[in-house]
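Enquirer: Build the 3D model from these lines:
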Amino acid sequence: MRKKGTPVKWRENLTALAFLSPNLIGFLIFTLLPVLAGFLLSLCHWDLFHPPRFVGLRNFVDLLGWYTDEGKVHANDPRFWKYLGNTFFLMMGIPINMAASLLLAMVLNQKLVGRTFFRTIFFLPTICMGVGVMLLWMWILNPEFGLLNYLLSLVNIQGPAWLKSYAWAKPSLMMMQLWVAMGGTSMILYLAGLQGIPPELYEAADVDGASGWDRFRHITLPLLTPTTFFIFITSVIGGFQGGFDAAYIMTRGGPDGATTTISYYIFSHAFEGFNMGYAAAIAVVLFGLVLVVTLINWRYGGKRVHYV
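Expert: Next up, the predicted model:
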C-alpha cells in the first residue's frame, strides 16, 4: 500500500537533486574521474606517444623500494626522499605563518585610524598575480643588485647568494611564502574568528582583574581553536601540494635540487621526462600521505577544539 505523501517526498528529492546536479556532475567529471584515472595510470607505463602498458606495481617498487649494496641499504629513488624532505622543510613555515597571521589579525581588529586601508594593504600580496610577486622577489634576492643584499651592505654584512646558494635557497622561498601568506586568507579567517568572540567574556575578565595576557591565554586562544584547526588542516594539505610555482619560476628546482618539491618532481617526470605512469605513482603516494596526516590531525587535533 502506497504511503500518503510519498509523491510529494519524491518531488522534493528530485528537486534537491536537480539543484545539486551541476556540482555533482562537475565533481564526477573534473574530480572523481581524474582521480580514478590517476590510480589506474599509476599501474601503467605511458610516455604520451604510445598506448599505456600495464606494469602492475612496478612504478611503486621503483619509487618506494630499496636494495642493498655492500651491506648498505639504498633507496631505488633517493631523489624522491630528498624532495619529500624539501617539502617538509618548506612546511615548517606553517606555524610561523599562523602565529604572524594571528598577531596581525589582533592588531587590525583594534579600533585604529585607517583600519580598512591597512587590512587591504596586508591582503594585497594574496590577490596579486603570483608570477609578478615571484619576479619581484627574484629582484629582491638577487645577490648582485638585489634590495636585500644592498640593505645588508649598509651594516657591513656580506649577503649570501640566496636563490643560487644550496644552503639559502629553501629559506629564501620560505621567506617569500611567509610574506605572501601572512596577510592573506589566514589573517582574514582569524579576523572573523576574533569578531565572533562574545565581548561579554572580555568584559567579565576585566571585572575580575585579568591582564591582557590572561585574556589572550584563557579567552582568545581557546575560542580561536576552531579557526586555528581549520587553518592548520588546510595549510598542511596545501603545503604537501605546494612549492611548484616558486620552484618552476624562481629556481627551476635548483640549485642541485635544493628547492624541488614533490609537486615539481611530479611535473618533471610527467612533462619533462614523459613518464606519466611514474608521475601518477608519485601523486598516489602523495595522496596517501596527505590522507594519513589529515586523519591524524582530525583524530588528535579535534580533541583540542573548543566552541562557544
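
Enquirer: Give me the domain ranges for the chain.
Expert: Taking automatic domain parsing as the reference, the chain has its domains at 6-61, 79-304.

Enquirer: who wins for proximity to residue 68 among these?
Expert: Minimum separation from residue 68 across the domains of the chain (C-beta to C-beta) falls at domain 6-61, 14.9 Å. Backbone N, C-alpha and C define where each C-beta goes, glycine included.

Enquirer: so how far is that closest one from its chain's centroid?
Expert: On the basis of C-alpha atoms, centre = their mean, to the nearest Å, domain 6-61 sits 24 Å off its chain's mean C-alpha point.

Enquirer: give the contact list for residue 96.
Expert: Contact analysis of residue 96 by C-beta atoms under 8 Å, 6 or more residues apart in numbering lists residue 178.

Enquirer: how much space between residue 195 and residue 182?
Expert: To residue 182, residue 195 is 19 Å away according to C-beta to C-beta, to the nearest Å.

Enquirer: Tell me which of those two has more neighbours.
Expert: Shown here are residue 195 and residue 182; by other C-beta atoms under 10 Å, residue 182 has more neighbours (21 against 10).

Enquirer: Tell me how many other residues crowd the residue lying closest to that one once chain neighbours are set aside.
Expert: Nearest residue to residue 182 in three dimensions, chain neighbours excluded: residue 100, at 4.6 Å (C-beta to C-beta, 6 or more residues apart in numbering). Neighbourhood size, residue 100 [other C-beta under 10 Å]: 18.

Enquirer: any idea which element residue 100 lies in?
Expert: Assigned by DSSP states H and E, residue 100 falls within helix 93-108.

Enquirer: Could I get the buried residue list for that helix?
Expert: When burial is assessed from 16 or more other C-beta atoms under 10 Å, helix 93-108 yields the following buried residues: 93, 94, 97, 98, 100, 101, 102, 104, 105, 106, 108.

Enquirer: what does the average pLDDT come to for that helix?
Expert: Mean pLDDT, helix 93-108: 92.

Enquirer: quick one: contacts for residue 161?
Expert: 143, 168.

Enquirer: where's it relative to residue 15, distance?
Expert: Note on residue 161: its distance to residue 15, by C-beta to C-beta, is 63 Å.

Enquirer: got the CA coordinates for the next helix or strand after the helix holding residue 100 in PDB?
Expert: Using DSSP H and E, the helix or strand that follows helix 93-108 in sequence is helix 115-127. Presented in PDB, the C-alpha positions along helix 115-127 are these (Å, rounded to 0.1, in the frame of the first residue of the first chain):
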ATOM      1  CA  ARG A 115      42.000  50.200   9.700                       C
ATOM      2  CA  THR A 116      40.300  49.300   6.400                       C
ATOM      3  CA  PHE A 117      43.200  50.700   4.400                       C
ATOM      4  CA  PHE A 118      45.700  48.600   6.300                       C
ATOM      5  CA  ARG A 119      43.600  45.500   6.000                       C
ATOM      6  CA  THR A 120      43.600  46.000   2.300                       C
ATOM      7  CA  ILE A 121      47.300  46.600   2.100                       C
ATOM      8  CA  PHE A 122      48.200  43.500   4.100                       C
ATOM      9  CA  PHE A 123      45.800  41.400   2.000                       C
ATOM     10  CA  LEU A 124      47.200  42.800  -1.300                       C
ATOM     11  CA  PRO A 125      50.000  40.300  -1.900                       C
ATOM     12  CA  THR A 126      47.500  37.400  -1.800                       C
ATOM     13  CA  ILE A 127      45.400  38.800  -4.700                       C
END
